[in-house]
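**Q** got a sequence here, can you model it:
(chains A and B)
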Amino acid sequence: MRSLLSILLIGVPVTLILCLVGLSHGFLEDSQRRTRGIGADVIVRPPGSTLLTLSGGISDKIVDWLGKQPHVKMAVGAVNQPVQGITLGATGIDLKQFNRMSGGFTYLHGGPFQAPGDVIIDQFYADQQRAHVGDRIVILNTPWRVSGIIEGGKLAHIVFPLGVLQEKTSHIGQVSQIYLKLDDVANTAAVVQDLKEKLPDYPIYSMAEFTSLYNVNNIPALREFIIVIMAIGVIIGFAVVLLSMYMAVLQRTREIGILKSLGASQVFILRIILTEAVILGMGGTILGIAMSFGACWLIRTVEPASIPMVIVPFWWPIAGVVTLIGTALGALYPGLSAARHDTIEALAYE
Amino acid sequence: MNSGPIIEIRDLRKTYQVGKVDVPALRGVDLTVKPGEFVAIVGPSGSGKSTLFHIIGGLTPPTSGEVRVAGQDLAAMTEAGRTRLRKRSVAFVFQKFNLLPNLTARDNIAIARYIGGSDSKPEASFEEALRLLGIANRLDHKPSELSGGEQQRVAIARAIVNHPAILLADEPTGNLDSESSKAVLEVLRGLNERLGQTILMITHNPEAAAYGHYIVHMRDGRIIERA
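**A** Next up, the predicted model:
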């Protein structure tokens, strides 16, 4: 019972670490996939923007101007509006232009906008909202009619007509960012260089470069946050095993005395305690991994669009090593204490 | 065969410190035991019998005096040296059996063998000892499924599995009824007579003491008589 409880308690921080990593990776992969799905070659963002935030707007006129630049086949402006934190946003787009650039959405149900009050949502958001075509759902404090449900992985989870979202967010005549389709992808570097000279204040990236920025190292403080969570995992693993093994050593004082009377050395006793701790750590890691699958299933069921969690097997051994370090450290004091037990006193222990 | 003493003790003293008070447990013990002898040690509680066993068995160092066990000087021995002594030369049988409760009888014996440095199956002579002990068909049971007499015979099997030079039995019949006591004492006698096992046995029971070749009487930390 004690061992099972220890394994459960060790498993919790493992799950915590894997969920945090799974959420980070899920969010980044989801953003990356949707951005790639746009089909653009170059992206132009407002001055002062970061990877996660858009600062201010860009005038419609710049969209037109960009569309006339050398090698630019078409320029499509989009309005972005957060709906739920930074993980779920809506995008306003000119559907006809977007279809030309990306090849269009794949509709699972329904179709394009029929009226200004329509919204297109992807299957993840539809699942999250339990929404069907024709249903009315509230987004940004306004009810909208679902005109179509699209396959996920392109542009956004929620798509509005450009003008509607501009008006709704008081960005009339402005867009949040601009996607450029070039006549030949081989011209990307030259176009980016040219535009950077013409628009020095605007962050301008090739899409390949922009999507490559979606990694943990580019999210402010995320890396540090993961390290803190890992440290908490080590501390919890340490504390749980320390208490558990201390209790175990106390309960088994007599057995330790018996082993020592048989000639067991201090190293032998220490090795037994450490082995048990490592087994607990491994059990906790396996349980933690299993619980992360449970958490992932729960999140994907309840909030598949807002919290795009994924399983990251690459992190299993990392979480395992972190846990084993914690458990081994936790077992050290009880192990040394057991190894140093006076044999005669231990044999007399009731 | 070497006929020199297997245990040679001269002026052995042991003093425990209880708080700030020195409590003498042994006050100058002299004892010589030859290989193959079966010695019974009797005496009232507090006479120093168990302390003598603990020193001979390497569980605690002597305060002063000379103690040679199986050719090794215990007075100069480190903790690691005493651990090696328990592993190879001396084995204990306790009043409370002291079997590991979660292991079967077979595993209790096996772990002693493992600690002694051997994983392999016990040799044929040990099978003979098991037959002598009468527990060959009880080896797959846990201690809680065995009678007191059976548990003590398993403890004896565990003690002799590594062929110790000396078997120290601390009141081996203290927790047994008279029938089981007799069976255990017969086993000890058999081990001594058939296998030549040197045995020192602490007992309060005069009938049990009579199984020894001679009886050592202790009182107040000294040997007062050897009969």
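**Q** stretch A:261-275 and chain B in contact?
**A** Yes: in terms of CB under 8 Å from any CB of the partner chain, part of stretch A:261-275 sits within range of chain B, namely A:261-266, A:268. Backbone N, C-alpha and C define where each C-beta goes, glycine included.
**Q** just curious, which of those is nearest to chain B?
**A** A:Gly263 (2.8 Å; CB to the nearest CB).
**Q** contacts only, for the residue in chain B positioned nearest to chain A.
**A** Among the residues of chain B, B:Lys87 lies nearest to chain A; the distance is 2.8 Å by CB to the nearest CB. When the contact criterion is CB atoms under 8 Å, 6 or more residues apart in numbering or on different chains, the partners of B:Lys87 are A:262-263, B:115-117, B:162.
**Q** which two of those residues have the greatest separation?
**A** With distances taken as CB to CB, the most widely separated pair in the contacts of B:Lys87 is A:Leu262 and B:Gly117, at 11.6 Å.
**Q** and these two? Which one has more around it.
**A** Each of A:Leu262 and B:Gly117 had its neighbours counted (other CB atoms under 10 Å in any protein chain shown), and the higher figure belongs to A:Leu262 (26 against 11).
**Q** how far away from the center of its chain is whichever strand or helix holds B:Gly65?
**A** In this structure, B:Gly65 sits in strand B:64-69 according to DSSP states H and E. Put simply, strand B:64-69 sits 17 Å off its chain's centre (CA atoms, centre = their mean, to the nearest Å).
**Q** for that strand, output the C-alpha coordinates as PDB.
**A** Output for strand B:64-69, consisting of C-alpha atoms alone and laid out as PDB, is shown next (Å, rounded to 0.1, in the frame of the first residue of the first chain):
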ATOM      1  CA  SER B  64      39.400  -4.900  26.100                       C
ATOM      2  CA  GLY B  65      40.900  -8.300  26.200                       C
ATOM      3  CA  GLU B  66      41.900 -10.800  23.600                       C
ATOM      4  CA  VAL B  67      39.400 -12.600  21.400                       C
ATOM      5  CA  ARG B  68      40.400 -14.900  18.600                       C
ATOM      6  CA  VAL B  69      37.700 -16.600  16.600                       C
END
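**Q** what does it rub up against?
**A** Contacts of strand B:64-69 (CB under 8 Å, 6+ apart): B:5-13, B:28-29, B:55-56, B:58, B:73-75, B:85, B:89-90, B:165-166.
**Q** who's in contact with stretch A:314-323?
**A** A:10, A:13-14, A:17-18, A:21, A:230, A:233-234, A:237, A:281-282, A:284-285, A:288-289.
**Q** check which helix or strand A:Val159 maps to.
**A** Judged by DSSP H and E, A:Val159 forms part of strand A:158-161.
**Q** residues from chain A in reach of chain B?
**A** Looking at chain B, the residues of chain A close enough under CB under 8 Å from any CB are A:254-255, A:257-266, A:268, A:343-344, A:347.
**Q** how does it look with 7 Å?
**A** If contacts are counted using CB under 7 Å from any CB of the partner chain, the residues of chain A sitting beside chain B are A:255, A:258-259, A:261-265, A:268, A:343-344, A:347.
**Q** close enough to count as contact, A:Gln84 and A:Ala305?
**A** No: because the distance of 8.6 Å does not satisfy CB atoms under 7 Å, A:Gln84 is recorded as not touching A:Ala305.
**Q** give me the more crowded residue out of the two.
**A** Neighbours were tallied for A:Gln84 and for A:Ala305 using other CB under 10 Å; the higher tally belongs to A:Ala305 (24 against 16).
**Q** hey, which helix or strand in chain B has the poorest pLDDT?
**A** Ranked by mean pLDDT, DSSP states H and E, the weakest helix or strand in chain B is helix B:124-133, scoring a mean of 76.
**Q** buried sites along it?
**A** In terms of neighbour count (16 or more other CB atoms under 10 Å in any protein chain shown), helix B:124-133 has its buried residues at B:126, B:129-130, B:132-133.
**Q** now the residues you listed in TSV, with distance to A:Asn141?
**A** Output for the buried residues of helix B:124-133, formatted as TSV (distance: CB to CB, whole Å):
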residue	distance to A:Asn141
B:Phe126	85
B:Ala129	87
B:Leu130	84
B:Leu132	91
B:Leu133	86
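**Q** how about the residues you listed in CSV, adding distance to chain A?
**A** CSV is the format used below for the buried residues of helix B:124-133 (distance: CB to the nearest CB, whole Å):
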residue, distance to chain A
B:Phe126, 16
B:Ala129, 17
B:Leu130, 18
B:Leu132, 21
B:Leu133, 18
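**Q** so which of those residues comes closest to B:Gly43?
**A** Where these are concerned, and distances follow CB to CB, B:Gly43 has its nearest neighbour in B:Leu133, at 28.1 Å.
**Q** was I right to think the closest one contacts B:Val187?
**A** Yes: between B:Leu133 and B:Val187 a contact is recorded at 5.5 Å, counting by CB under 7 Å.
**Q** okay, and the common contacts of the two?
**A** B:153, B:156 (CB atoms under 7 Å, 6 or more residues apart in numbering or on different chains).
**Q** the helices in the chain, which residues?
**A** Just going to use chain A. According to DSSP state H, chain A carries its helices in the segments A:2-36, A:60-67, A:95-102, A:123-129, A:162-168, A:188-198, A:207-212, A:222-251, A:253-261, A:266-302, A:315-339, A:343-348.
**Q** nope, chain B
**A** Listed in chain order, the helices of chain B (DSSP H) span residues B:49-56, B:79-88, B:105-115, B:124-133, B:148-160, B:178-195, B:206-209.
**Q** which non-adjacent residue is nearest A:Gly283?
**A** Once its chain neighbours are removed from consideration, A:Gly283 has its nearest residue in A:Ile7; the separation is 4.0 Å (CB to CB, 6 or more residues apart in numbering or on different chains).
**Q** and that neighbour, what does it touch?
**A** With CB under 7 Å, 6+ apart as the criterion, the residues that contact A:Ile7 are A:280, A:283-284, A:287.
**Q** ditto for A:Ile236
**A** For A:Ile236, counting by CB under 7 Å, 6+ apart, the contacting residues are A:Pro13.
**Q** now it: how far from chain B?
**A** 28 Å (CB to the nearest CB, to the nearest Å).
**Q** give the contact list for B:Asp11.
**A** When contacts are counted by CB under 7 Å, 6+ apart, B:Asp11 is found next to B:28, B:30, B:65-66.
**Q** point out the least confident one among the contacts of A:Ile7.
**A** Least confident of the contacts of A:Ile7 in the model: A:Leu280, at 89.
**Q** beta-bridge partners for the nearest residue to B:Ser47 once chain neighbours are set aside, please?
**A** Leaving out its chain neighbours, the residue that sits closest to B:Ser47 by CB to CB, 6+ apart is B:Met218, at 4.2 Å. Beta bridges link B:Met218 to B:Ile223, judged by DSSP bridges.
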